[in-house]
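>>> Pasting the sequence and the predicted model now:
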Amino acid sequence: MSYIYETHLHTSLGSLCSRVSPEDQIRRLHHYGYTGAFVTEHFFNGNTAIPKDLPWEEAIDRFMLSYDLAKAEGDRLGLDVFFGFECSYNGNDVLTYGLGREWLKSHPEMMEMSMRQYCEFARAEGGFVVHAHPFREAGYIDLIRLLPRSVDAVEILNANRSDFQNDRAEEYARNYELPVTAGSDLHIPQCRLAGVSSPVRFASEMDYCNAVRQGQVSPIVVFDGRETNTLCD
């Protein structure tokens, strides 16, 4: 038996680029047979939906609300919901797992850090940092940045990236002998879903992090309606 996890998910409550509620995202993943999911909203240095004029601790509580609602829906359905977040630096993004609400409230100085400084700080604090879609291209991205000595793993299968970009990410991970993971980067209802398969069920964020470190997860495409001509809601 294997357990399937979505590791990269956004909702309309936390990310401006999403138009799906936390509850609806969880219900959709449950429909497709996922065991669990990580809510990874864009943080304040990315495309956040959190007002920028809030006091820091209040902003963190608002940021955590999508996770809280998703977890409540997951508990109702029997789908495990975990927390993570995505930091952005000029279009280059890293996902962090293992650092939660109280850690965020204690470290407003993270907003003044460069991408490298943040990665090294978060890892020193016990966080697990994944380079998300490292070869993503867009008009607002000036250049692709790679930080192989400052991340713990690489997202080599992203359901919203091209095969070319995912293949380059896999080469990057292989060349630097970095662990690998995968996720949908889910913002809206879409016809392709990805994630990781695990032989064991995770009880915490760190269970996932340790499984990635040890090469015990497999990046997979969970569903591809484009290939089956399935209509996606």
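Done, it's in. The structure presented is a predicted model; accordingly, all values stated were derived computationally and were not measured.
>>> Show me how far the helix ranked longest in the chain is from its chain's centre.
Secondary structure of the chain per DSSP state H: the longest helix is helix 56-77. Helix 56-77 sits 15 Å away from the centroid of its parent chain (Cα atoms, centre = their mean, to the nearest Å).
>>> can you list the residues that contact it?
11, 13-14, 21-23, 25-27, 30, 36-37, 39, 41, 43-44, 48, 50-51, 54, 79-81, 83, 85, 101, 104-105, 108 (Cβ atoms under 8 Å, 6 or more residues apart in numbering). Every C-beta, even on glycine, is put in place using the N, C-alpha and C of the backbone.
>>> Of the residues you listed, grab the buried ones for PyMOL.
Only the buried entries of these go into this PyMOL selection, using 16 or more other Cβ atoms under 10 Å:
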select buried, resi 11+13+14+21+22+23+25+26+27+30+36+37+39+41+43+44+48+50+79+80+81+83+85+104
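>>> Tell me which entries of the contacts of helix 56-77 lie within strands.
Using DSSP state E, the subset of these located in strands is 36, 37, 39, 41, 80, 81, 83, 85.
>>> can you redo these as TSV with distance to residue 211 and pLDDT?
Listed next are the ones in strands among the contacts of helix 56-77 as TSV, based on distance: Cβ to Cβ, whole Å; pLDDT from 0 to 100:
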residue	distance to residue 211	pLDDT
36	12	98
37	15	98
39	19	98
41	23	98
80	14	98
81	17	99
83	17	98
85	20	98
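>>> Who are the contact partners of the residue nearest to residue 150 when sequence neighbours are not counted?
What sits nearest to residue 150 in space, not counting adjacent residues and going by Cβ to Cβ, 6 or more residues apart in numbering, is residue 119, at 4.0 Å. With contact taken as Cβ under 8 Å, 6+ apart, residue 119 is in contact with 94, 129, 147, 150, 151.
>>> Closest one of the ones in strands among the contacts of helix 56-77 to residue 224?
Using Cβ to Cβ, residue 37 comes nearest to residue 224 of those, at 18.4 Å.
>>> tell me the SS of the residue nearest to that closest one when sequence neighbours are not counted?
Nearest in space to residue 37, with sequence neighbours left out and distances taken as Cβ to Cβ, 6+ apart, is residue 6 at 4.1 Å. With DSSP: H, G, I helix; E, B strand; the rest coil as the basis, residue 6 sits in strand.
>>> Contacts only, for residue 6.
So residue 6 contacts 29, 34, 36, 37, 38, 183, 184, 186, 193, 195 (Cβ under 8 Å, 6+ apart).
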